[in-house]
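Chemist: Just a sequence and a predicted model for now, questions to come.
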Amino acid sequence: MSTPAYDDQNVFAKILRGELPSHKVFEDEKTLVIMDIMPRGDGHILVIPKAPSRNIFDIEPVDLNAVMATVQKMARTVVKAFGADGTTIQQFSEPAGGQVVFHTHVHIIPRFEGVSLKPHTGEMADNDLLAEQADQIRAALD
């Protein structure tokens, strides 16, 4: 399988360049964490490497390590912020794997016993709700 070239016009590349708005939750030298605008649960966030990569197949190991360290930190944070019972962590690579935006990203979704994931409908969440949840997550950061 040959991975297509990285396209720097994808939505996450535009967010990283400041060309599109986002609800930023956390940022360090190598990663950015934002609210998912089409959440499958309250507190659904995305961890994005700052270095360009399409997905798991072409990301540099140093960037993948940084992403996963941030995933762990943020999983702990959203559990604390929302009183969650656990998390679902997802990463999709290529269309056959369910990837829609072709910049590496990892989904972190707080989970609660007995509560199913919302279906992915393509509908955007209320902007004020996303802002409130971003504040809630930032307040829980260690």
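Modeler: Right, received. Where do you want to start? Since the structure is predicted, the reported quantities are computational estimates derived from the model, not experimental observations.
Chemist: CA atoms for contacts and neighbours, from now on please.
Modeler: Will do.
Chemist: Closest to the centroid, which residue in the protein?
Modeler: With distances taken as CA atoms, centre = their mean, L46 lies nearest the centre of the chain, 0.8 Å away.
Chemist: Report the separation between the residue lying closest to that one once chain neighbours are set aside and P4.
Modeler: Nearest non-adjacent residue to L46, counting by CA to CA, 6 or more residues apart in numbering: H107, 4.7 Å away. Relative to P4, H107 is positioned 22 Å away (CA to CA, to the nearest Å).
Chemist: Show me where the protein dips below the pLDDT cut-off.
Modeler: Across the chain, the stretches falling below the confidence threshold (pLDDT under 70) are 1.
Chemist: Helices along the protein, start to end?
Modeler: 11-16, 61-82, 127-140 (DSSP state H).
Chemist: closest to E94 out of those helices?
Modeler: Proximity to E94, assessed across these by CA to CA, is greatest for helix 11-16 (15.6 Å).
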